[in-house]
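Student: coords please:
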Amino acid sequence: MKGLYRCKRYFYLLPFLFISTLTLMMGTGPGCFETSLMVRRMLLDQNLNNTCKLLKCRSEEDCKNIKEENQLRFQKLQSDILSNRCYSILSRVKHGTPEELEVPLSFSILAHRDFQQLFNLLEAVYRPHNLYCIQLDSKSDAAFVKQVSLLVQCLSEVHNNIFISKKSISLIWQHSSLLEGDLLALQQLLEFPHNWQYYVNIVGSEFVLISNSELVRKLKTVRNNIGFVDIQFPHSQVQDRWKYSYELTKGAESGKADTTLFGSYYKNVPRVTSSLKSLPPKNLTIMYGIKNVAISRKFADYVINDELSKELRVWLKDVLVAVEHFYPTLATVFIKNINYNSNINNNNSTENLKQIPFQDFSFNKDLVEFQMRKTFWLNSDHYCYGQIRREICVLSLLDLPAILQEKGFVMNKFDSDLDPSVVTCLNEMIYGLDKEA
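Tutor: Model (predicted):
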């Protein structure tokens with residue numbers, strides 16, 4: 001019945017879909033104006049009044065002109081960054097609301113390609129009072145690294161609250177390097193002289209669903225000492241991730257192994273071995289959840305400096321998708337008399353080792369009151385209008401109505417090579433403006 005309801009709900013789209021199918025058979029996709037009309041109709045059906053400049057176009061030519069203007073605007077910004085003309089970048093910086101200033105945040109951003117998408121994400125979340133660390137992939141091409149470095153340099157000239165991680169590592173999909181990238185950034189954020197209260201981890205291919213001020217408002221409702229961490233008990237298929245050790249193919253970390261169109265970040269994934277894994281440290285119950293978190297400074301300090309956290313970090317190095325297990329598992333752990341201060345002294349750390357850790361699952365519901373990331377998977381109810389890559393929908397403008405129904409901090413996944421207009425529209429809808437260069 002649920003499927004039948006969806007069919008009836010979008011029955012009016014059949015003419016559009018029929019035309020789209022014909023155009024696809026002829027080797028082209030639906031036109032710009034046609035796509036805009038489809039999105040507007042879907043938004044009306046969902047009683048959503050959200051709009052952006054592109055959705056107001058009145059003809060194919062008008063639509064194409066708007067898209068071209070948006071692209072030329074970014075190219076101008078890109079040129080300014082490469083020429084070290086920082087004024088145009090600094091003039092676009094959003095300043096925090098009084099509510100945001102009460103809860104300063106720190107962000108880590110993992111990135112390996114697509115400067116346009118990274119720029120859009122950073123522009124959305126960047127505020128002068130927060131702190132930011134960008135963790136780059138050591139395999140990223142030189143042009144991408146140069147653009148990121150110059151952008152950071154521009155922002156740092158005035159605000160001194162953003163930096164590139166001191167250590168560049170090889171980031172590989174499903175590998176523990178993604179967890180290491182997060183933790184390398186987090187450690188530097190903890191060491192930086194700044195009064196941030198919560199740590200947020202995101203990646204360059206994501207984009208926000210809500211503003212920073214809305215996130216801060218939600219963080220103010222936190223009733224635990226941790227924040228927002230997705231926690232689930234792992235099902236049997238997930239538990240297979242730590243039955244045997246996983247290892248990388250030869251040359252994967254250097255990027256010398258086989259690559260795909262999107263680079264060795266995706267191609268050289270960890271492969272299962274015949275070596276059985278040891279039991280988790282202190283026989284912990286390994287938990288499972290999405291990688292994105294918003295965690296308090298106290299908990300952030302714990303995951304970096306506590307001895308049990310260090311043991312778990314090492315144990316997860318040969319576990320598939322380690323980043324989905326580290327934060328959720330540690331969030332359930334409570335050790336009596338742990339010192340949560342930033343300067344944990346060696347005596348206390350040694351004493352902590354004598355304590356027997358246990359896990360408390362009674363507050364899991366509090367930790368998942370707000371989801372930090374949303375994704376449309378291949379097996380979800382949502383029809384992907386963009387492209388399916390590795391079972392994830394890479395989003396396009398036609399996915400916008402479904403995106404706006406999601407409740408979370410960021411949405412995954414976007415690619416400016418596929419369709420930059422969906423992020424442009426989201427940005428205008430969230431911040432209620434059409435930014436000019």
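Student: From now on I want contacts and neighbour counts done on CA atoms only, so please keep to that.
Tutor: OK.
Student: Run through the neighbouring helices and strands of the top helix by length along the chain.
Tutor: Counting by DSSP state H, the longest helix found in the chain is helix 60-82. Applying 3 or more C-alpha pairs under 8 Å, 6 or more residues apart in numbering; DSSP states H and E, one finds that helix 60-82 contacts helix 32-45, helix 87-90, helix 142-159.
Student: buried stuff in the longest one?
Tutor: Translated: helix 142-159. Buried positions in helix 142-159, judged by neighbour count with 16 or more other C-alpha atoms under 10 Å: 144, 145, 147, 148, 149, 150, 151, 152, 153, 154, 155.
Student: How about the shortest one?
Tutor: If you call a residue buried by 16+ other C-alpha under 10 Å, then helix 87-90 has these buried ones: 88, 89, 90.
Student: same question, stretch 68-80
Tutor: For stretch 68-80, by 16+ other C-alpha under 10 Å, it's 70, 71, 74, 77, 78, 80.
Student: again, but for stretch 299-318
Tutor: Buried residues in stretch 299-318, counted by 16+ other C-alpha under 10 Å: 299-306, 308-309, 312-313, 315-318.
Student: and it, average pLDDT?
Tutor: The pLDDT scores in stretch 299-318 average 95.
Student: what's the answer for stretch 321-340, then?
Tutor: Here the average pLDDT along stretch 321-340 is 75.
Student: can you check stretch 272-281 too?
Tutor: Stretch 272-281 comes out at a mean pLDDT of 95.
Student: Can you give me the first-to-last residue distance of that stretch?
Tutor: Start-to-end span of stretch 272-281 (C-alpha to C-alpha, to the nearest Å) is 21 Å.
Student: picking that back up, and which of the buried residues of stretch 299-318 is nearest residue 423?
Tutor: Distance to residue 423, by C-alpha to C-alpha, is smallest for residue 300 among the buried residues of stretch 299-318, at 30.2 Å.
Student: wait, doesn't the closest one sit right on residue 199?
Tutor: Yes: using C-alpha atoms under 8 Å, residue 300 makes contact with residue 199 at a distance of 7.1 Å.
Student: Overlap of the contact sets of the two?
Tutor: The contact sets of residue 300 and residue 199 overlap at residue 186 (C-alpha atoms under 8 Å, 6 or more residues apart in numbering).
Student: Quick check: nearest residue in space to residue 249, chain neighbours excluded?
Tutor: residue 268 (6.4 Å; C-alpha to C-alpha, 6 or more residues apart in numbering).
Student: who are the neighbours in contact with the residue nearest to residue 123 when sequence neighbours are not counted?
Tutor: Of all residues beyond its chain neighbours, the one nearest residue 123 is residue 93 (7.0 Å), with distances taken as C-alpha to C-alpha, 6+ apart. Residues near residue 93 by C-alpha under 8 Å, 6+ apart: 123, 126, 127, 128.
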